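Asker: Structure here, sequence nowhere to be found:
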């Protein structure tokens, strides 16, 4: 829990223009700043930053809010993470809470601190006399000094208690180091010893560049060749991607992600200018990892080792990616190569050419299957179809799916109706049934009919209500007037009613009701978008008194008409009309902006 007063202080001290300009090339446009919106594709800039109100708003996609909302949406982080970043910028300390959540966060922070110290330790080892062999190894692998420094690569000496003793001098005991995954406990005497010995070290970062864990590679023939930290309170290998902290901005800029397998498979291409690349930390691709990529792009190229294990991993990842509606292609390296060895031998330009020539999901999987089975034999063809259909069943776009079924019919010289008949029987490997009809798109037609029968709710509030919100945002003292003269219950948009009521409440309590502070009172994106849209129309309101009177009349009139339409009782309708006339007379007073 972070007190509202602290959040308000952070917002007062941080400049939204300065923060957003670190992500987007803002250009001055009158009193505001503009850029192309990062949240949707556009050619003409419609993303506006208002320095006086300390908010942003896109006229194209409607998104908007304060600097906290921007960080949450752009960096894909939660509210607390955004506040912490802004607090650091503002040089404001966040209070530590004594609640269980606070204790939990404190424990996490302690593990991050330990990992940071361990990383410094491994880096110093690398630059010292004991790290000479490791430095030579990095040079042989083609790594530059800057790359080694940027990725914070290190070295663990072949010693049983070097790290244990280093932390003992800093009053950090073995129990905490064990929880961080850095040491092991000896069963015979209960003493602790270093987990990583005689290995080069790869720190594993989260997207905020905090160190979660470590990967390592042994020298020579030692086993295991690669070894990572175990699962800890802050690290789960199936949820994280190596290099995402370096690649995330490049994923957005390039519009696609390259997925590799190992540490060097990422580092060498990255060093040579291919920056939109992440690696899976030695695990099969998981749904959590796909979700992390999906925050930045829906387009993926898999480039795994060109061996049987690499093909198997690519096929497994292919199905998962398709199931998550990702656009996926597979880059095929020469047999025996991986991205690391290929870049060292051929350079990054040739690797980019291979990426450009990557195959779509259909051609890649069908190519592997036709090489494995003989197309001339009916049973072999049936096996190919059997292997292909579960993958195609994951494609949610009915038109695309139908196109692939037709293409498979042509490639295998099989009647399309027969393939569609088999397709109708497909069950995904996870056991969930897919009810596909032989006629493509039929399930989509059924769903569209059901949707058409449901009542449609307008996404946009009534213009008069938006105008009232704009007036209240411009002058908080008028929020109470709206409540007294009209009544919040008369507003059809509960979002707008809630915001105006909140403005009045803040104003009454002597708190700031300015837009940037107000945005933190509502954690849903829709409310922030409506507030941003209302602020964008505020400059067009020249006479607030007249604007409020006109809005009141429109809202009362619309409410009475709607009530009359929905009420068959003629006497009740007449009563509503009288009520309408009385309210119109009530708001005709020229001094409407002065509460009584």
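Answerer: Arrived safely. What you see is a predicted model; the values in this text were computed from it and never measured.
Asker: Count the residues that sit near residue 478.
Answerer: When neighbours are counted by other Cβ atoms under 10 Å, residue 478 registers 24. Heads up, the C-betas are built off the backbone N, CA and C, glycines and all.
Asker: try residue 280
Answerer: By other Cβ under 10 Å, neighbour count at residue 280 equals 24.
Asker: again, but for residue 307
Answerer: 14.
Asker: Please look at it and residue 333 and confirm they touch.
Answerer: No: Residue 307 lies out of contact with residue 333 (Cβ atoms under 8 Å); the separation is 9.7 Å.
Asker: Can you tell me the element the closest residue to residue 370 other than its chain neighbours falls in?
Answerer: Computed as Cβ to Cβ, 6 or more residues apart in numbering, the closest residue to residue 370 that is not its neighbour in sequence is residue 384, at 6.5 Å. Assigned by DSSP states H and E, residue 384 belongs to helix 378-393.
Asker: next one: residue 213
Answerer: Assigned by DSSP H and E, residue 213 falls in strand 211-218.
Asker: Show me what secondary structure element comes after that strand.
Answerer: strand 226-228.
Asker: Can you identify the element that follows that following strand toward the C-terminus?
Answerer: helix 244-254.
Asker: Any buried residues in that next one, and which?
Answerer: Applying a neighbour-count criterion of 16 or more other Cβ atoms under 10 Å, one finds 244-248, 250-252, 254 buried in helix 244-254.
Asker: Show the contacting residues for the residue lying closest to residue 357 once chain neighbours are set aside.
Answerer: Leaving aside its chain neighbours, residue 357 sits nearest to residue 331 (7.5 Å; criterion: Cβ to Cβ, 6+ apart). Contact criterion Cβ atoms under 8 Å, 6 or more residues apart in numbering gives 258, 301-303, 354-355, 357-359 as the residues in contact with residue 331.
Asker: got TSV for those residues, with pLDDT, secondary structure and neighbour count too?
Answerer: Formatted as TSV, those follow (pLDDT from 0 to 100; DSSP: H, G, I helix; E, B strand; the rest coil; neighbours: other Cβ atoms under 10 Å):
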residue	pLDDT	secondary structure	neighbour count
258	96	strand	27
301	95	strand	21
302	93	strand	26
303	93	coil	27
354	95	helix	18
355	95	helix	20
357	94	coil	10
358	94	coil	19
359	92	strand	15
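Asker: ok, the residues you listed vs residue 476, which is closest?
Answerer: residue 258 (49.8 Å; Cβ to Cβ).
Asker: per-residue confidence for the nearest residue to that closest one once chain neighbours are set aside?
Answerer: Spatial nearest neighbour of residue 258, excluding adjacent residues (Cβ to Cβ, 6+ apart): residue 277 at 4.2 Å. pLDDT, residue 277: 97.
Asker: and residue 277, backbone torsions?
Answerer: Phi and psi for residue 277, reported as degrees, to the nearest 10, are phi -130, psi 140.
Asker: ditto for residue 304
Answerer: Main-chain torsions, residue 304, degrees, to the nearest 10: phi -100, psi 170.
Asker: Would you confirm that residue 107 contacts residue 233?
Answerer: Yes: taking Cβ under 8 Å as the definition, residue 107 is a contact partner of residue 233 at 6.4 Å.
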